[in-house]
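Chemist: following is a predicted model, sequence given first.
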Amino acid sequence: MGGIFAVVSRKNENVVPQVISGLRKLRFKGFDSTGFALIEDGILNVYKEVGWVDIVVEKLGLSERKASIALGQTRYATHGRPTAENAHPFTDCRQRIAVAGDGSIGNYEKIKDQVLMSGHKLQSRSDFEPPAHLLEESLEREDNLLNALETLKEKLEGFYTVSVLDRDTASIAAYSSMTKLYVGVSPNAFYLTNTLTALHGFTDHYIIIDPPETVFVTSEGVNVYSKGHETTPRQVLTLEVDPALVDKGGFPHHMLREIYEAPLSLLRTLYTLQEKYLQLASRLILGADNIYIIANGTSLHAGMVASYYLSELVGVSPVVTSAAEFPLYYVENIGPGSLVVAISQSGETGDVLSSLYEAKIRGATILGLTNYIGSRLARLSNVYLPIAAGPELSVPATKTFTSTLLLLYLVSLAASKESGRIDSITYREKMESVKSVASRLSETMTRMDEEVKKAIIHARNCRGGYIVSRGITYPLALEAALKLKEASYFHAEGVEAGEFKHGPFVLVEKGFMTGFIIPVERLAAEATYPLILSAIEAGASTVVFSLEGDEKLSQIQTEAVSLIRTPRAERHLAPIAYSIPLQLFAYRLGVDLGRPIDAPRYLTKAVLR
Ligand code: F6R
């Protein structure tokens with residue numbers, strides 16, 4: 001994944017400083033490595049290194065470089081660790097073109113094998129290097145970059161953006177299979193980027209390129225093509241962005257941007273996962289004598305959901321435990337037949353790492369799931385899988401949680417197929433249904449947010465509350481309560497619905513909030529409706545999170561209850577669908593109460609010790 005920023009001067013002026021400052025606005029798209037492709041005296045040169053823009057610029061002396069056309073990228077590693085070789089851009093064998101991308105190419109393994117078979121040499125493990133060679137092959141057959149890009153579209157699968165600097169035509173070309181691209185227009189230069197707010201400070205005028213249109217930018221002008229044919233001139237729009245929000249992509253907080261980004265992150269996770277690694281992970285699961293899932297905080301809650309996935313889809317019952325507890329108790333049962341599934345978005349959480357050392361000493365196999373593939377967790381794992389949610393800058397974890405849930409689901413599905421419990425057709429169908437859940441979440445995001453804003457009234461004056469659920473959504477009650485603490489400093493507890501009347505109910509009264517997540521298991525849902533009525537009767541402020549189309553709820557909807565509906569999804573994907581409104585609720589309450597959303601006191605993104 002990455003931020004793309006390219007500039008073409010209309011007056012043959014040096015644009016390198018502009019590319020550098022454009023990239024600085026794209027931290028939330030990627031920051032582990034930075035690269036530049038420049039045409040200098042008719043030669044295409046690439047400069048790239050591990051690190052954030054300023055570090056790379058300093059290290060490689062970019063401020064001294066001059067070019068009137070330049071392409072830059074900031075990367076967040078998903079295929080291949082953060083190294084200089086894996087940084088974008090990538091060139092073809094003839095040093096004619098340089099390719100920088102965003103997103104994930106789903107059929108990377110296949111196209112990698114193809115270009116290797118054709119005799120190309122690959123320098124990296126990035127999914128964006130093979131496309132440079134596929135373009136090269138097309139350009140050798142016919143010297144036409146537009147046609148070469150059309151052919152590339154047919155060959156690549158996935159959820160990605162490709163941008164190309166072409167030395168021979170002195171142009172920048174780009175298309176996306178997934179998101180809009182933007183071209184900023186000023187009297188002095190054209191700017192191409194995958195993030196609208198990055199244009200701030202350069203120009204107020206821009207045009208939109210819709211997927212999968214192709215755009216060509218030269219010093220002469222901007223041309224847009226759809227299916228190989230030039231389209232009519234675009235409407236030039238005016239950029240309106242609050243300068244204070246530029247570094248958050250136009251959102252007031254990273255947390256909100258990251259929640260809104262979750263549907264895209266889900267698709268990124270889906271397309272980043274390679275079948276061969278899924279198969280490897282499945283075999284570890286199926287071959288293990290015992291399985292321990294270890295993690296902390298939000299990742300632990302994802303691990304709890306995974307125990308439902310594994311138990312129902314694979315027929316194994318893992319022990320799920322806090323990584324802080326693991327060395328104190330369970331570790332004595334660990335041996336060479338044990339599989340430890342370690343989940344950590346940062347990959348640097350101290351308790352997870354020290355538990356892994358203990359497990360490894362005893363001969364256990366480690367399956368690591370992390371959003372940061374340059375992390376120690378990835379290095380310590382026998383097999384690691386990328387969460388691939390992209391950078392998460394807000395301390396409260398949101399999109400990494402939904403993407404971790406998806407990753408755990410996909411691994412469980414793969415193990416289910418490997419064990420013969422589901423066939424390949426069912427497997428494919430279930431993979432496909434992930435896409436429709438992601439798109440439904442994206443379509444309903446604003447509506448859910450509006451419902452959440454109204455529901456805040458039920459919590460803002462309360463002294464605390466419960467989030468109650470049962471079954472596969474019970475871990476979400478724990479997660480929602482954690483998010484409320486972090487983002488809103490609102491004391492909440494997650495309660496298993498069956499336990500509600502075994503004690504917790506005594507606190508329920510006026511001035512206390514009770515939130516219910518309607519379970520997806522029918523009997524558990526049936527048992528929850530009376531609990532809602534009891535809470536209302538006791539005078540509590542009540543908020544109900546349900547799947548769309550829950551008829552039963554219309555009967556109990558009163559002034560005292562706020563209803564927040566998320567798209568209906570099949571049982572195993574419902575925890576993902578429910579996560580979004582729960583996260584929005586914690587966020588909106590935090591905003592309402594004036595909390596420091598992205599940086600709660602005492603917390604850091606990775607708790608090392
Ligand atoms: C919650 C949160 C923390 C982390 C926990 C584990 O929003 O951010 O609870 O989930 O510190 O972090 P990772 O997943 O990096 O190991």
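Modeler: Noted; the coordinates are in hand. Just so we're clear, the structure is a prediction, and the values are computed from it rather than from any experiment.
Chemist: tell me who's in contact with the closest residue to the ligand within the stretch 501-609 of the chain.
Modeler: Per Cβ to the nearest ligand atom, residue 607 is where the stretch 501-609 of the chain lies closest to the ligand, at 4.5 Å. The C-beta positions use only the backbone N, C-alpha and C, and glycine is treated the same way. Shown in contact with residue 607 (Cβ atoms under 8 Å, 6 or more residues apart in numbering): 296, 297, 349, 350, 351.
Chemist: tell me the most packed of the residues you listed, by neighbour count.
Modeler: residue 349 (29 neighbours; other Cβ atoms under 10 Å).
Chemist: surely it is in contact with residue 606?
Modeler: Yes - assessed by Cβ atoms under 8 Å, residue 349 is found in contact with residue 606 at 5.9 Å.
Chemist: wasn't residue 479 part of a helix?
Modeler: Yes - the assignment for residue 479 is a helix, going by DSSP: H, G, I helix; E, B strand; the rest coil.
Chemist: number of nearby residues for it?
Modeler: By other Cβ under 10 Å, 29 other residues sit near residue 479.
Chemist: so the nearest residue in space to it that is not next to it in sequence, which state does it fall into?
Modeler: Nearest non-adjacent residue to residue 479, counting by Cβ to Cβ, 6 or more residues apart in numbering: residue 301, 4.1 Å away. Three-state assignment for residue 301 (three-state DSSP): helix.
Chemist: enumerate every residue touching residue 301.
Modeler: 401, 475, 476, 478, 479, 482.
Chemist: what separation do you get for it and the ligand?
Modeler: Going from residue 301 to the ligand by Cβ to the nearest ligand atom, to the nearest Å gives 8 Å.
Chemist: and that residue, what's its pLDDT?
Modeler: Note for residue 301: predicted pLDDT of 98.
Chemist: kindly report the same for residue 332.
Modeler: 81.
Chemist: what about the closest residue to residue 98 other than its chain neighbours, neighbour count?
Modeler: Nearest residue to residue 98, sequence neighbours excluded (Cβ to Cβ, 6+ apart): residue 37, at 3.4 Å. Using other Cβ under 10 Å, residue 37 has 30 other residues around it.
Chemist: next, the nearest residue to residue 412 once chain neighbours are set aside: phi, psi?
Modeler: Spatial nearest neighbour of residue 412, chain neighbours left out: residue 309 (3.8 Å); criterion: Cβ to Cβ, 6+ apart. With angles defined as degrees, to the nearest 10, residue 309 sits at phi -60, psi -50.
Chemist: so where does residue 216 fall, helix or strand?
Modeler: Secondary structure assigned from DSSP states H and E places residue 216 in strand 214-218.
Chemist: what about the closest residue to residue 346 other than its chain neighbours, neighbour count?
Modeler: Spatially, and ignoring its direct neighbours in sequence, residue 346 is nearest to residue 606 (3.7 Å; Cβ to Cβ, 6+ apart). Around residue 606 there are 15 other residues, counting by other Cβ under 10 Å.
Chemist: assess the claim that residue 606 and residue 348 are in contact.
Modeler: Yes - counting by Cβ under 8 Å, residue 606 does reach residue 348; the two are 4.1 Å apart.
Chemist: what residues of stretch 245-253 count as buried?
Modeler: Under the neighbour-count criterion of 16 or more other Cβ atoms under 10 Å, stretch 245-253 has 246, 247, 248, 249, 251, 253 buried.
Chemist: in TSV: these, plus secondary structure, pLDDT and distance to the ligand.
Modeler: Shown next, in TSV, are these (DSSP: H, G, I helix; E, B strand; the rest coil; pLDDT from 0 to 100; distance: Cβ to the nearest ligand atom, whole Å):
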residue	secondary structure	pLDDT	distance to the ligand
246	helix	94	25
247	helix	92	21
248	helix	94	18
249	coil	94	20
251	coil	97	18
253	coil	97	14
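Chemist: what pLDDT does the residue nearest to residue 442 when sequence neighbours are not counted get?
Modeler: Leaving out its chain neighbours, the residue that sits closest to residue 442 by Cβ to Cβ, 6+ apart is residue 263, at 3.9 Å. Note for residue 263: predicted pLDDT of 97.
Chemist: tell me who's in contact with residue 263.
Modeler: Applying Cβ under 8 Å, 6+ apart, the residues near residue 263 are 438, 439, 441, 442, 445.
Chemist: try it again with 6 Å
Modeler: 438, 441, 442 (Cβ atoms under 6 Å, 6 or more residues apart in numbering).
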